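Visitor: Next come a sequence and a model predicted from it.
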Amino acid sequence: MSATSTAAPADASVRGGGFRTWWGPLLAMAVVLLWFYAFEQRYGAGRTLSAFDWIWSAWNDENDFEHGPLFPLVCAGLIAHRLPRLREAAASGSAWGLVVILAGALLYAAAYRTLQPRVAMGALPVLLWGAAWSLWGWKVARLISFPLFFFWLAIPLPSFRQATNGLQILATVMAHHGSALFGVETIVQGTEISSAHGKWEPLEIAKGCSGIRSLMALLMISGAWAYMARMAMWKRVLLFVTAFPIAIVGNALRVTSIFVIAEYGDAKWGRETWHDWSGLLLFYPFSLMVLLGLHSLLEGGWPWRKGARRELRRVVVSARPEHESGSPS
């Protein structure tokens, strides 16, 4: 009895207080990361930007990453969502975490020497993941792996911009055929679409209308959605990658609506006002409804109803002993 009573508080202290007992190493690592990422000016055209300054400047409409500042908030929210499980999973650290930290440090050193801010930002999740592994063990590292490495989607890649050309052509073709379904005859010349009857001026499918911005934003939403969904891993992956076709179809629907309004309504209003608001009023409602429908299909019912079923408790009815039933003995 004495051995059991002494072992239980020790285990509880590891699990419940694991996060509090390592505040010293956490503070030291925070200071080091803050110095190299926030104060060390190494990047940019004149080497006057820190890694944080660079990525903040890269989150702009020119790179189609206006939603970039939301990524740190989403990652922090996903970790906060798992905080109760993280506290339960906290245990003794592992030396493997130090190996990961070393790999992240070498990655940052390579970025520092080659003046590549993208590589430096890519090393940040590696360093944080290794720190969690070394301080609180593998279970904690496994739980926060997705929220940390999810940040990689927030790093603008120059090669990814080349996909804009292909998406422009795809959006043009789909809008051309989509408009025909509504009786709108169009003529396609490259990425320019004009009315076959001259009812409205030719409209250009610009880079902003290619759907690349909507795709990146929807990837962020679907990734967070899939992480929080309570289903098998393959279903989560399917829910995440479905963002690609949903974004393409949703953007084609949005562009098609502009041509339909231009044909049957006010061409100027469709080209200007509806063009600016159709993403918020048409694309995102359509995309979120499709994601919700797919989630319900994979889970076998509406998510909120499935969650209510999980909370049902089984009631066990046991027979009363004979001597308590009041029957004569």
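Guide: Perfect, thanks for sending it.
Visitor: and stretch 194-204, how far from the chain's centre?
Guide: Centroid separation between stretch 194-204 and its chain, computed with CA atoms, centre = their mean, to the nearest Å, is 38 Å.
Visitor: could I have the helix or strand containing L297 exported to CSV, CA atoms only?
Guide: Using DSSP states H and E, L297 maps to helix 284-299. Listed next in CSV are the C-alpha coordinates belonging to helix 284-299 (Å, rounded to 0.1, in the frame of the first residue of the first chain):
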residue,chain,number,x,y,z
TYR,A,284,-17.1,30.7,-49.2
PRO,A,285,-20.7,29.8,-48.5
PHE,A,286,-20.6,27.3,-51.3
SER,A,287,-17.2,25.8,-50.3
LEU,A,288,-18.1,25.5,-46.6
MET,A,289,-21.4,23.8,-47.4
VAL,A,290,-19.6,21.3,-49.6
LEU,A,291,-17.1,20.7,-46.8
LEU,A,292,-19.9,20.2,-44.3
GLY,A,293,-21.7,17.8,-46.7
LEU,A,294,-18.5,15.8,-47.2
HIS,A,295,-17.8,15.7,-43.5
SER,A,296,-21.4,14.4,-42.8
LEU,A,297,-21.0,11.8,-45.5
LEU,A,298,-17.7,10.5,-44.1
GLU,A,299,-19.0,10.5,-40.5
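Visitor: Point out the other helices and strands that it packs with.
Guide: Contacts defined by 3 or more CB pairs under 8 Å, 6 or more residues apart in numbering; DSSP states H and E place helix 284-299 against helix 212-228, helix 233-241, helix 243-264, helix 303-310. In this view, the C-beta of every residue, glycine as well, is placed from N, C-alpha and C.
Visitor: quick one: the residue nearest to the spatial centre of the chain and F65, what's the gap?
Guide: For the chain, the residue nearest the mean C-alpha position is M220 (3.0 Å; CA atoms, centre = their mean). From M220 across to F65, the span is 10 Å (CB to CB, to the nearest Å).
Visitor: Need the residues touching each of those two.
Guide: A154 (CB atoms under 8 Å, 6 or more residues apart in numbering).
Visitor: ok so, going back, list the buried ones in the helix holding L297?
Guide: Neighbour-count burial for helix 284-299, counted by 16 or more other CB atoms under 10 Å, picks out 284, 286-288, 290-291, 294-295, 298-299.
Visitor: can you tell me which of the residues you listed lies nearest to A224?
Guide: L291 (11.0 Å; CB to CB).
Visitor: Make sure that closest one is actually in contact with A226.
Guide: No. Applying CB atoms under 8 Å as the test, L291 and A226 come out as separate, 9.2 Å apart.
Visitor: intersection of neighbour lists for these two?
Guide: L239.
Visitor: if we can go back for a sec, out of the helices and strands packed on helix 284-299, which comes closest to P202?
Guide: helix 243-264 (10.5 Å).
Visitor: Just the CA coordinates for the helix or strand that R113 is a member of, please, in PDB.
Guide: Assigned by DSSP H and E, R113 belongs to helix 96-114. Provided in PDB are the C-alpha atoms of helix 96-114 (Å, rounded to 0.1, in the frame of the first residue of the first chain):
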ATOM      1  CA  TRP A  96      15.300  12.500 -29.600                       C
ATOM      2  CA  GLY A  97      13.900  16.000 -29.300                       C
ATOM      3  CA  LEU A  98      17.400  17.300 -29.000                       C
ATOM      4  CA  VAL A  99      18.300  15.600 -32.300                       C
ATOM      5  CA  VAL A 100      15.300  17.400 -33.900                       C
ATOM      6  CA  ILE A 101      16.400  20.700 -32.400                       C
ATOM      7  CA  LEU A 102      19.800  20.200 -33.900                       C
ATOM      8  CA  ALA A 103      18.300  19.500 -37.300                       C
ATOM      9  CA  GLY A 104      16.200  22.700 -37.100                       C
ATOM     10  CA  ALA A 105      19.300  24.700 -36.000                       C
ATOM     11  CA  LEU A 106      21.300  23.300 -39.000                       C
ATOM     12  CA  LEU A 107      18.400  24.300 -41.300                       C
ATOM     13  CA  TYR A 108      18.300  27.800 -39.900                       C
ATOM     14  CA  ALA A 109      22.100  28.000 -40.300                       C
ATOM     15  CA  ALA A 110      21.800  27.100 -43.900                       C
ATOM     16  CA  ALA A 111      19.200  29.700 -44.400                       C
ATOM     17  CA  TYR A 112      21.400  32.300 -42.600                       C
ATOM     18  CA  ARG A 113      24.300  31.500 -44.800                       C
ATOM     19  CA  THR A 114      22.300  31.500 -48.100                       C
END
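Visitor: counting contacts, what elements does that helix pack onto?
Guide: Helix 96-114 packs on helix 117-136, going by 3+ CB pairs under 8 Å, 6+ apart.
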